[in-house]
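Undergrad: sequence unknown, structure follows:
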């Protein structure tokens, strides 16, 4: 057998093994691309230049990833709780009390046992604010009318 046939078979197997060790469905598609190049160089009676083989791998990689993004990823079930792992997004709309005043646009609130940095208009401690957005551990807030509840 030729060196290129063994090389592409080894690359495909290594990519499949990498996917098995660290699953994320990305190496899988590159492994399919390497397997396609393996089949191409194995079945063709002439030896393809290395540059053409690498180009075929790039094209097959893009094609397989495109198939994944368009076909498989689009058909994944949607979560009934899309903000589950995005805590700041799950807090949007909630009214909380400022633990520390907002001075120069920055302050803090306590939600359960966690303190969050907030950005918004300057307000004194104890003011009620509504969470309007968030980014990582910083929440955007606006003044909220106290509902008495």
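TA: That came through fine. Small disclaimer: the values here were computed from a predicted structure and weren't measured.

Undergrad: excluding covalently adjacent residues, which one is nearest to residue 2?
TA: Setting aside the residues directly before and after it, residue 2 is nearest to residue 47 in space (C-beta to C-beta, 6 or more residues apart in numbering), at 6.5 Å. C-beta: built from backbone N, CA, C; applies to glycine.

Undergrad: residues in contact with the one you found?
TA: Residues in contact with residue 47 (C-beta atoms under 8 Å, 6 or more residues apart in numbering) are 2, 4, 41.

Undergrad: can you map out the helices along this structure?
TA: Secondary structure of the chain (DSSP state H): helices located at 3-21, 27-43, 50-67, 87-90.

Undergrad: deepest-packed of those helices, please.
TA: helix 27-43 (a mean of 20; mean count of other C-beta atoms under 10 Å).

Undergrad: next, the angle from that helix to helix 3-21.
TA: Angle of helix 27-43 versus helix 3-21, following axes from the mean of the first three to the mean of the last three C-alpha atoms, to 10 degrees, is 160 degrees.

Undergrad: which elements pack onto helix 27-43?
TA: When contacts are defined as 3 or more C-beta pairs under 8 Å, 6 or more residues apart in numbering; DSSP states H and E, helix 27-43 packs onto helix 3-21, helix 50-67.
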